[in-house]
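>>> I would like the atomic coordinates for the input below:
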Amino acid sequence: MSTVSPTPAGQQPTDTGTRTTWSRFREWAEKDNIEDYSLRYAPKSFRRWSPMACSVTALGGIAYLADYSIGASIAVSHGAASAIVAILVAAVTIFLTGIPIAYYAAKYNLDMDLLTRGAGFGYFGSTLTSLIYASFCFIFFALEGAIMAQAMHLAFDMPLPVGYLIGSLIIIPLVLYGMSALAKFQVWTQPLWLILFAAPLVMIAIADPSGFDGFLSWAGDGGSERVTAVAVGAGAGVALSLIAQIGEQVDYLRFMPEKSETPPLRWWAAVLAAGPGWVILGAAKQICGAFLAFYIAGEVGFTRATEPIEQFLGSYSTMIHNPTVALAIATVMVLLSQIKINVTNAYSGSLSWSNFFSRVLHVHPGRVVWLALHIAIALTLMLANMFTVLNTILGFYSNVAIAWIGAIVADLVINKGILKISPPYIEFKRAYLYPINPVGFVSMLVASSVSIVAYFGAFGAFLQAWSPYLALAIALVLTPLIAVLTGGKYYLARPNPLREEIEKEPLWAGQTLLDVVDGKRYELPDMVHDCPFHGGPISSLTCTLTKNCHEQCQSASYENAVDADGLGLRKAQSVV
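Here you go, the predicted model:
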């Protein structure tokens, strides 16, 4: 099937260069090892990785050094004691909200966007969340790229704008081939990274054990030696900006093997470690960043103490007395860490943009096109020097991100698990969904709007500091409330008997059905069993890229959909 809008009948393309370019994009979009199922369910036939391989690959992206900057910034602003409490409070929140998201994504092999569609937002309702997620990816790509440029500036005297450009461009070839290349890269580089990660604290403990004295009472730059509620709330709000990181973990977890065919202990261990488990290492890095800022602030000042390259250089220098060697090792650590995370930021961003533009424009030139767009936006942020307003950007963003995550979690845990109002499975295909489901969409809008108003001080200093938790509380209450008030009406536009049958018998999932439009076979979870517009089974990709068919799909009567149950399953049995 063509993945770009065709030339109108009778009209020939006049620009040979443009035609060649779009042909190349089309070829890339049709290659599974490049496209990585950016708009679709990850089929069983493609999921060749073990639970451990998926877990290690997902955790490879946690090498990023923004945690060091975040922890340092919180400690400098509010004091070390409040920073540690704030980091731990945020980590517990992120871990608990990440469990249901990781579970459903790994079980149904869906990325964050497809999961959001079926978890209370609807087909077009999740378009807004695609932008929220894409924003997370390019904000942190820019942040990590800025840290990389700082290291190149210190080591090679390279101008920062040049470092921004180089740090952005070197990511492209690594991301081009998706999970196939990223799995190898993350696994091969992980041992070296772990050694360099542990080295700073080990070196200080051996060479300067008294360097830890006074850390817990450090007030930073205008903070407090004591733990205060306002400081903890403000610090937790900055750390909570990382709550959307679960989306990047899910982008790898969707390649997990079938739950029904994997030993439960291995499957759950991988899901918990690679899903919410990322925040354990993340919180440890934030606390390390806070300590290293304390350790070097007297030498380099508060501003430079928040830069990871300065933190590692200062700690390595305690045992490595040759400045050139210490700088070389610190530079290797920073560059390796930033490449490991920015391949993930770029990969996840390309998936999110693919989903956004496919719904808005009904075209899909391929993930590579949106990868270029994503990196261009991040590079613009770097050139605008967003690093200097880090706390403000992350504090504001966390209000929106946690409202989105809170609405999803409430739907998965309360509406599906407790109230049984939401369907037990995740339905992501356009043909079965309403454009907007108010359950998640309205809850997120209300929660984020109220919390942003609080963030700007409308409700006093306490709620200003704790505004992300206000967003979380509102989302957790409104999501089940709206589901009850609407009676779950807006989850499914029409039943999907094929999906219901797969729920009863998971072995159906690996079987295939023929798409009547493009003539290709797709596994059953990826299929619309009986499309009223096309007159037969179609894939979710065909459904997404077809214009003006949604009304006809939704107008198909409930009786017809139920009557199609047996027919749809007989078709499936006849072609597998």
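
>>> In the protein, which helix is the longest?
Across the chain, the helix with the greatest residue count (assigned by DSSP state H) is helix 323-361.

>>> what about it, average pLDDT?
Taken as a whole, helix 323-361 has a mean pLDDT of 83.

>>> If we ignore the residues flanking it in sequence, what's nearest the most centrally placed residue in the chain?
With distances taken as CA atoms, centre = their mean, the chain has Gly247 as the residue nearest its mean C-alpha position (2.5 Å). Nearest in space to Gly247, with sequence neighbours left out and distances taken as CB to CB, 6 or more residues apart in numbering, is Met112 at 3.8 Å. Backbone N, C-alpha and C define where each C-beta goes, glycine included.

>>> Neighbours of the one you found, how many?
The criterion is other CB atoms under 10 Å. On that basis, Met112 has 31 neighbouring residues.

>>> In terms of secondary structure, what does the longest helix of the chain contact?
Other elements packing on helix 323-361 under the criterion 3 or more CB pairs under 8 Å, 6 or more residues apart in numbering; DSSP states H and E are helix 112-116, helix 125-156, helix 171-175, helix 178-207, helix 245-253, helix 308-316, helix 367-383, helix 540-545.

>>> so where's the stretch 101-250 of the chain uncertain?
Low-confidence segments of the stretch 101-250 of the chain, defined by pLDDT under 70, are located at 177-183.

>>> re the thing from before, to Phe46, which of the helices and strands packed on helix 323-361 lies closest?
Of all those, the one in closest proximity to Phe46, counting by CB to CB, is helix 178-207 (8.6 Å).

>>> Could you list the low-pLDDT ranges of the stretch 451-576 of the chain?
Within the stretch 451-576 of the chain, the set of residues satisfying pLDDT under 70 comprises 507, 548-576.

>>> Same list (the helices and strands packed on helix 323-361) but as CSV, adding distance to Glu523.
As requested, the helices and strands packed on helix 323-361 are arranged in CSV below (distance: least, CB to CB, whole Å):
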stretch, distance to Glu523
helix 112-116, 14
helix 125-156, 22
helix 171-175, 25
helix 178-207, 17
helix 245-253, 18
helix 308-316, 43
helix 367-383, 20
helix 540-545, 10
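
>>> Nearest to Thr262, out of these?
Taking CB to CB as the measure, the helices and strands packed on helix 323-361 were each checked against Thr262, and helix 245-253 came out nearest at 12.8 Å.

>>> the inter-axis angle of that closest one versus helix 125-156?
Orientation of helix 245-253 against helix 125-156 (axes from the mean of the first three to the mean of the last three CA atoms, to 10 degrees) gives an angle of 90 degrees.

>>> starting at the chain centroid, how far to helix 245-253?
Mean C-alpha position of helix 245-253 versus that of the full chain (CA atoms, centre = their mean, to the nearest Å) differs by 5 Å.

>>> circling back to that earlier point, got a list of what the residue nearest to Gly247 touches?
Shown here is Met112, whose contacts under the criterion CB atoms under 8 Å, 6 or more residues apart in numbering are 101, 105, 133, 246-247, 250-251, 348, 352.

>>> let's go with 6 Å and repeat that
Met112 makes contact with 133, 247, 250, according to CB atoms under 6 Å, 6 or more residues apart in numbering.

>>> Quick one: classify the nearest residue to Pro276 once chain neighbours are set aside as helix, strand or coil.
The shortest distance from Pro276 to any residue other than its chain neighbours is 3.1 Å, reached at Gly98 (CB to CB, 6+ apart). Following DSSP: H, G, I helix; E, B strand; the rest coil, the label given to Gly98 is helix.

>>> Against Leu65, how distant is Gly98?
21 Å (CB to CB, to the nearest Å).

>>> thinking again about what came up before, for the helices and strands packed on helix 323-361, which one sits closest to Ile287?
Closest of the helices and strands packed on helix 323-361 to Ile287 is helix 178-207, at 10.2 Å (criterion: CB to CB).

>>> and the direction of that closest one versus that of helix 245-253, what angle?
For helix 178-207 against helix 245-253, the angle between stretch directions is 120 degrees (the same axes, to 10 degrees).

>>> what packs against helix 178-207?
Helices and strands in packing contact with helix 178-207 are listed as helix 51-60, helix 308-316, helix 323-361; criterion 3 or more CB pairs under 6 Å, 6 or more residues apart in numbering; DSSP states H and E.

>>> Any chance of these in CSV with distance to Gly406 as columns?
Converted to CSV, the helices and strands packed on helix 178-207 look like this (distance: least, CB to CB, whole Å):
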stretch, distance to Gly406
helix 51-60, 22
helix 308-316, 30
helix 323-361, 19
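
>>> And the contacts of stretch 310-322?
68, 200, 203-204, 207-208, 292, 296, 300, 304, 326-327, 329-330, 333.

>>> Just name the closest of those to Arg40, please.
Looking at the contacts of stretch 310-322 and their distance to Arg40, the nearest is Tyr68, at 36.3 Å (CB to CB).

>>> how far is the helix or strand that contains that closest one from where the chain is centred?
Under DSSP states H and E, the secondary-structure element containing Tyr68 is helix 66-78. If you compare the mean C-alpha spot of helix 66-78 with that of the full chain, they lie 22 Å apart, counting by CA atoms, centre = their mean.

>>> just the strands in the stretch 451-576 of the chain please.
Counting by DSSP state E, counting those that start in this stretch, residue ranges of the strands within the stretch 451-576 of the chain are 512-514, 521-523, 527-531, 536-539.

>>> So which of those strands is the most surrounded?
Among the strands of the stretch 451-576 of the chain, the stretch with the highest mean neighbour count (mean count of other CB atoms under 10 Å) is strand 527-531, at a mean of 26.

>>> For it, which strands pair with it and how are they oriented?
strand 536-539 (antiparallel) (DSSP bridges).

>>> who touches the strand it pairs with?
For strand 536-539, the external contacting residues (CB under 6 Å, 6+ apart) are 513, 515-517, 522, 526-529, 531.

>>> Next one: Leu327 from Thr57, what distance?
Computed with CB to CB, the distance linking Leu327 and Thr57 is 30 Å.

>>> Which one's more surrounded, these two?
Counting neighbours by other CB under 10 Å for Leu327 and for Thr57 shows that Thr57 has the greater number, 23 against 19.

>>> quick one on the thing from earlier: turn the strands of the stretch 451-576 of the chain into TSV, columns for distance to Gly120.
Rendered in TSV, the data for the strands of the stretch 451-576 of the chain read as follows (distance: least, CB to CB, whole Å):
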stretch	distance to Gly120
strand 512-514	28
strand 521-523	25
strand 527-531	21
strand 536-539	24
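
>>> Which one, of these, ends up nearest to Asn437?
With distances scored as CB to CB, the stretch of the strands of the stretch 451-576 of the chain nearest to Asn437 is strand 527-531 (18.4 Å).

>>> count of neighbours near Leu96?
Summarising burial for Leu96: neighbours were counted as other CB under 10 Å, giving 13.

>>> Equivalent analysis for Asn437, please.
Using other CB under 10 Å, the number of residues around Asn437 comes to 30.

>>> Not counting residues beside it along the chain, what's closest to it?
Leaving aside its sequence neighbours, Asn437 sits nearest to Gly122 (CB to CB, 6+ apart; 3.7 Å).

>>> correct me, but that neighbour touches Pro438?
No: at 8.3 Å, Gly122 does not count as touching Pro438 under the criterion of CB atoms under 6 Å.

>>> more crowded one of the two?
Looking at Gly122 and Pro438 with other CB under 10 Å, you find the greater number of neighbours at Gly122, namely 23 against 20.

>>> Return the backbone torsion pair for that one.
Dihedral angles phi and psi of Gly122 (degrees, to the nearest 10) take the values phi 80, psi 170.

>>> residues touching it, list them.
Listed by CB under 6 Å, 6+ apart, the contact partners of Gly122 are 433-437.
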